[in-house]
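Participant: just the structure for this:
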Amino acid sequence: MQESIWNRTASLRPREPLSGDRKVDAAVIGGGLAGILTAHFLRAAGLETVVLEAARAGSGQTGRTTAKITAQHGLIYERLIDQLGREKAVLYAQANQWAVAEYRRMVREGGIDCDFTDCPAHLYATGDPWSIHREAEAAHSLGIDAACTADTELPFPVAAALRFEHQARFHPLRFLDAVAEPLELYEQTRVRDVEGNRVITDRGTVTAEHVVFACHYPFRNVPGYYFLRMHQERSYVLALENAAGLEGMYFGTDGDGLSFRPQGDLLLLGGGGHRTGENSAGGQYQKLRQAARSFWPESRETAAWSAQDGMPLDGVPYIGRFSAATPNWYVATGFQKWGMTSSMVAARLLTDLITTGASPWEEVFTPQRFQPSAAGKALLQESAQAAKGLGRRLFTPPRAEVEALPRGHGGVVEYRGEKLGVYKDDGGEVFCVSVRCPHLGCQLEWNPDEKSWDCPCHGSRFDYRGRLLDGPAQRDADVPE
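Facilitator: Numbering: from 1, shown residues only. Have a look, this model is predicted:
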């Protein structure tokens, strides 16, 4: 997995794993921005709160983001007005504008050194301009400071651009480190299950009156059925030196639109989005490199990485009570590509629900707006049937089965009636895994850009050795003997 510039330029204080059992007011599962901010607000409200992180704080999507703090979430506001009505669209806009302002307040009042910079954010289109003009009208009608323009800093002409004022960018891990400092945070503590108010980890059990799932993608299938409510998508980023210096942030609305965002002397160039598990041909980084050479021939790549985002059915995150059957469980997931403001909104909304029982934004983001039908249970049963036998160890295929595979490449081979994922490294060593995802049994697909095995059903990912990278799977892929 590639390393982001955030990971390279931040040094977070390591925390000890959980040791034994704890009893607290609230347990937050996940040490990314959503979890850390939620714990921050709960602690400020007087609740004894612990954060449980399977790896290191910020090691998930928070460390892979492009870190745009903006209420501009693609072409969303016209659609929200049409689908949810103007009242809910106003609440969505107000919540995310509050989130931008709250980051600004926390940084200034806390003296947090995190490269926080006020800047405008832009949507742009190189083709049909009318979608931009309609979005501008919708955003303006909701009270957002937005205006259309054709004048941008981009190295190519645009048909139209929509500029949001008073947005921001920052270093997400430095911010997270500062906010996490006073929190009771346990790293290297993987949550295995939650039973009522008992959070069961591989290091001990936490008993909590309130349990918050802020772990990017809920690992509990029932209740909630979140694996039916959203899919996951990956996108890719290059950090470039000697590229044009920009003031603002840009996001393309065309099908192959690119993202641009400055960070100090670097420019972050993003794009290449696809559904997780649907990149067998690869080439996403190469597309970005070709664009960089075209726009800035003298530029130099200093880092490359990718991120993964949960994509909800209606384009609105699921933030609120986990399910009707679990009144003391809460969830924050499905942030799409806008995890910074969504994390802040989630932290405030969940804290309000836990401390007062209500939030002015609850109706917009509530997961209860979508209830899986009875067919969801049937699908779960079928998926569980498909996953039978996942615990069986497999035999390593003879070298003859993989001789045709070039070095540095991966692919699926069949051996003794079993499909195996095979990767041959540059030195010729062969690594095999079962390509049946241990989550619900879907077949994993090879992602040559990341050298990973990705699940096209629910987005779980494993490295070429079978080690878990992203959930909702909770364990490594089966590795042959």
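Participant: distance check, Gly427 against Arg467.
Facilitator: Per Cβ to Cβ, to the nearest Å, Gly427 is found 19 Å from Arg467. (C-beta placed from N, C-alpha, C; glycine too.)
Participant: who's Ser306 bridged to?
Facilitator: In this entry, Ser306 is beta-bridged to Tyr236, by DSSP bridges.
Participant: can you count the residues close to it?
Facilitator: 22 (other Cβ atoms under 10 Å).
Participant: how about the contacts made by it?
Facilitator: Ser306 sits next to 2, 64, 234-237, 284, 449-450 when contact means Cβ atoms under 8 Å, 6 or more residues apart in numbering.
Participant: tell me which element the residue nearest the centre of the chain is part of?
Facilitator: Nearest to the mean C-alpha position of the chain, counting by Cα atoms, centre = their mean, stands Asp309 at 3.8 Å. Under the criterion of DSSP states H and E, Asp309 resides in strand 300-312.
Participant: quick one: Trp453 is in a strand?
Facilitator: Yes: applying DSSP: H, G, I helix; E, B strand; the rest coil, one finds Trp453 inside a strand.
Participant: ok, it - contacts?
Facilitator: 410, 421, 433, 435, 444-447, 461-464, 466, 477.
Participant: repeat that for Val179.
Facilitator: By Cβ under 8 Å, 6+ apart, the neighbours of Val179 are 36-37, 40, 106, 110, 112.
Participant: before we move on, what about Gly31?
Facilitator: 51-53, 56-60, 180, 185, 187.
Participant: assign it to helix, strand or coil.
Facilitator: With three-state DSSP as the criterion, Gly31 reads coil.
Participant: next one: the one 10 residues further on
Facilitator: Following three-state DSSP, the label given to Phe41 is helix.
Participant: burial count for it?
Facilitator: Residues lying near Phe41 (other Cβ under 10 Å) number 20.
Participant: low-confidence ranges, the stretch 351-481 of the chain, go.
Facilitator: 371-402, 481 (pLDDT under 70).
Participant: helices of that one, start to end?
Facilitator: 362-365, 375-386 (DSSP state H, counting those that start in this stretch).
Participant: show residues contacting the longest helix along the chain.
Facilitator: In the chain, with assignment by DSSP state H, the single longest helix is helix 86-110. The contact list for helix 86-110 (Cβ under 8 Å, 6+ apart) reads 69-71, 73, 76-77, 80-81, 84, 112, 114, 116, 118, 138-139, 141-144, 166-168, 170, 175, 178-179, 316, 338, 340-342, 344-345, 348-349, 360-361, 363-365.
Participant: before we move on, the earlier item: which of the contacts of Trp453 are buried? Put it as a ChimeraX command.
Facilitator: Listed next is the ChimeraX selection for buried residues among the contacts of Trp453, using 16 or more other Cβ atoms under 10 Å:
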select :410,421,433,435,444,445,446,447,461,462,463,464,466,477
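Participant: quick one: which of the contacts of Trp453 is nearest to Ala161?
Facilitator: Of all the contacts of Trp453, Ala161 sits closest to Asn447, with 32.3 Å by Cβ to Cβ.
Participant: ok, now which ones touch the closest one?
Facilitator: Here Asn447 is in contact with 234, 277, 279-280, 282, 453-454, 461 (criterion: Cβ under 8 Å, 6+ apart).
Participant: cool, thanks, signing off.
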